[in-house]
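Novice: sequence unknown, structure follows:
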């Protein structure tokens, strides 16, 4: 049996090397485990939800930057035939206009509407709000041709008259998730979410939310009329002229005047 | 003098295999790190706020607007932007398409447009076309209906009726309890989200149409030399680049530059003699098919009809055969039946694809000699 002569200096040196190796291994393991955290896929956290008060989402969108402030996003408001719509201007509702109505709304502002002359509910009025939370980017010169369609369906109006609160989030469809159906120009494709589900989150999964329509529940004061809080300050909007009537085509070979 | 037990060496405590395993594990973990960059997020940090003013027609009569002559896009983002507002058709995205032994095509995704042909040495070559963008946003909506009545409570108007007696003290009794006879109304969900429905084709070519006579006039949007005559000019590059982002087949000089007696010539100059030596070498076989695709419009609304024109040319130096052009239409493009036509003799087939649309297949009957080409044209309706 061979025994090793005890040498304090050598033993101390070996002990230090062992400790240094173990510390090095622990540092490597720690760094490796920490590096896993940023390598993981980040979880999706939605800052907004569909039940937020009108204007909250749009204002936060403006704070994110981009060419959103000051841009009038064209929207086309549709309603059942015969219905009339008036927009809030100068502290009160303006003149009633026929549908479909094309206007330009500022992003982040809330616009209060008055819907009158509802079919089969004459004499009753609904006061929905429209909040544009994002814009689209058409080619130059085609900004007014491509408007965001906002539909006030007959069913939604009836639900609002019955005391329900309807939230409709309009989104820009992702072509990779497009429904394989031809779009009806008179009726927009839409989904319905149940209780416990967020319409804004669902719209974000299907595309890019661009506007929120809320209708139901709120009525102006009977005595004092609609106040500035009810009208959200009457933000400015842009009115589009109706398309000019087509001029008759000129004959290629005009007839010569008869003598 | 005392003898101590031999100290445990590091090799005994940490075997080589264990140390190598630990180092490899740490290396793998380090290599798994990657910098996360938002795929669809907007680089708003780099954006400088615009100074766009309100339009003149604004209700507030604010200052005159700055004319927006160019659509905005975030810095560093490739146009067209944003991508979800555009319909795309053409190119070969995702997995590269390839052709099997029985001419079955694999790796053909939606929006892809490819052409494949056989060379003289028995190879099958796949060439993608360029990609065409059409501005056509489509909107949808998500609705939620809730009831504002969360808690309904009814109280009795009075507690009790106690008539007074003529004799005796008057006693009144306050209301001590209230009866809640109506429970809180529940919120009832009505419908769930409709699931997407996909349909897989049976893999069999289901429709065969005979070729029709080609309309022997060019449409206005086809007024480029590469479409009319098959000659690519650099001056038309900007026009074509408006709808092109993957012009992989015609951005370089791929045709023969100098030809002497049908053979390319090379010149060798020697400074030690007064004469020049001209040598003629046989050019190597270089089969090449150029596929250029254009659309009739840059923007369309749902319901509009869009015409697509595909110009194909054999820009190689040998004969190619079994030329087949396939356009796998995206979901939002619906093929107009019997609208495909070709300047050469060809057979047309359609096959349902996974996007509930069609894949159009055009097979040329005759081989395509060098320098020859043709035009394929068809129409689609935007859904």
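Specialist: Now that the structure is in, tell me what you want to look at. It should be emphasised that the depicted structure is a prediction, and the values quoted were computed from it without experimental measurement.

Novice: what sits against residue B:331?
Specialist: By CB atoms under 8 Å, 6 or more residues apart in numbering or on different chains, residue B:331 lies in contact with A:175, A:178-180, B:110, B:355-357, B:383. For glycine as for every other residue, the C-beta is placed from the backbone atoms N, C-alpha and C.

Novice: by neighbours, which of those residues wins?
Specialist: When neighbours are counted by other CB atoms under 10 Å in any protein chain shown, residue A:178 leads the contacts of residue B:331 with 23 neighbours.

Novice: which non-adjacent residue is nearest that residue?
Specialist: Of all residues not flanking residue A:178 in the chain, residue B:331 sits nearest, at 4.7 Å (CB to CB, 6 or more residues apart in numbering or on different chains).

Novice: confirm the one you found sits in a helix?
Specialist: No: Residue B:331: not assigned to a helix; according to DSSP: H, G, I helix; E, B strand; the rest coil it is coil.

Novice: how close does it get to residue A:137?
Specialist: 22 Å (CB to CB, to the nearest Å).

Novice: also residue B:120?
Specialist: Look at residue B:120 and residue A:137: by CB to CB, they are 49 Å apart.

Novice: those two: which is more packed in?
Specialist: residue A:137 (19 against 12).

Novice: how about the secondary structure of that one?
Specialist: Note that with three-state DSSP, the state of residue A:137 is coil.

Novice: do you know how far it is from residue B:224?
Specialist: According to CB to CB, residue A:137 and residue B:224 sit 27 Å apart.

Novice: can you report how many residues lie near residue A:229?
Specialist: Neighbour count of residue A:229, defined by other CB under 10 Å: 7.

Novice: give me the pLDDT for it.
Specialist: You'll see residue A:229 listed with a pLDDT of 88.

Novice: next: the one 10 residues further on.
Specialist: On pLDDT, residue A:239 comes in at 88.

Novice: I'd guessed it sits against residue A:97; true?
Specialist: No: with contact defined as CB atoms under 8 Å, residue A:239 does not reach residue A:97; the gap is 9.2 Å.

Novice: joint contacts of these two?
Specialist: With CB under 8 Å, 6+ apart as the test, residue A:239 and residue A:97 reach no residue in common.

Novice: not counting sequence-adjacent ones, nearest residue to residue B:368?
Specialist: residue B:314 (4.6 Å).

Novice: thought that neighbour was touching residue B:364?
Specialist: No: applying CB under 8 Å, one finds residue B:314 not in contact with residue B:364, separated by 10.6 Å.

Novice: now do the same for the residue of the stretch 251-383 of chain B found nearest chain A: its pLDDT.
Specialist: Taking CB to the nearest CB, chain A has its nearest neighbour within the stretch 251-383 of chain B at residue B:356, 3.2 Å off. For residue B:356, the model assigns a pLDDT of 87.

Novice: now it: how far from residue B:284?
Specialist: 45 Å.

Novice: then residue A:82?
Specialist: According to CB to CB, residue A:82 and residue B:284 sit 75 Å apart.

Novice: who's more crowded, the two?
Specialist: Ranked by neighbour count (other CB under 10 Å), residue A:82 and residue B:284 place residue A:82 first, with 12 against 8.

Novice: which ones are touching the closest residue to that one other than its chain neighbours?
Specialist: Using CB to CB, 6+ apart and skipping the chain neighbours, the partner closest in space to residue A:82 is residue A:119 (5.4 Å). Contact analysis of residue A:119 by CB under 8 Å, 6+ apart lists A:80-83, A:154.

Novice: got a quick ChimeraX command for the buried subset of the residues you listed?
Specialist: Those of the contacts of residue A:119 that count as buried under 16 or more other CB atoms under 10 Å in any protein chain shown are selected in ChimeraX with:
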select /A:80,83,154
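
Novice: show me which pair in the contacts of residue A:119 is furthest apart.
Specialist: Greatest spatial distance among the contacts of residue A:119 (CB to CB): A:82 and A:154, at 10.5 Å.

Novice: for the stretch 201-350 of chain B, which segments count as strands?
Specialist: For the stretch 201-350 of chain B, the strands defined by DSSP state E, counting those that start in this stretch cover B:207-209, B:265-268, B:277-280, B:289-295, B:305-314, B:321-328, B:333-335, B:341-342, B:346-352.

Novice: do me a favour and get the end-to-end distance for stretch A:73-84?
Specialist: Stretch A:73-84 stretches 22 Å from its first residue to its last (CA to CA, to the nearest Å).

Novice: actually, stretch A:172-180.
Specialist: 15 Å.

Novice: name the residues that touch that stretch?
Specialist: Outside stretch A:172-180, the residues that reach it (CB under 8 Å, 6+ apart) are A:136, A:189, A:206-210, B:84-88, B:137-140, B:196-197, B:330-332, B:355-357, B:383.

Novice: how far off centre is it?
Specialist: In terms of CA atoms, centre = their mean, to the nearest Å, the centre of stretch A:172-180 is found 16 Å from the chain centre.

Novice: equivalent analysis for stretch A:150-166, please.
Specialist: 19 Å.

Novice: tell me the spacing between residue B:146 and chain A.
Specialist: 5 Å (CB to the nearest CB, to the nearest Å).

Novice: point out where the chain drops to low pLDDT.
Specialist: Looking at chain A here, since you left the chain open. Scanning chain A with the threshold set as pLDDT under 70 gives A:1-6, A:35-43, A:242-259.

Novice: that was the other one, I meant chain B.
Specialist: In chain B (pLDDT under 70), the answer is B:1-14, B:32-71, B:148-216, B:242-278, B:280.

Novice: near residue A:29, how many other residues are there?
Specialist: 14.

Novice: same thing with residue B:133?
Specialist: Neighbours of residue B:133 (other CB under 10 Å): 21.
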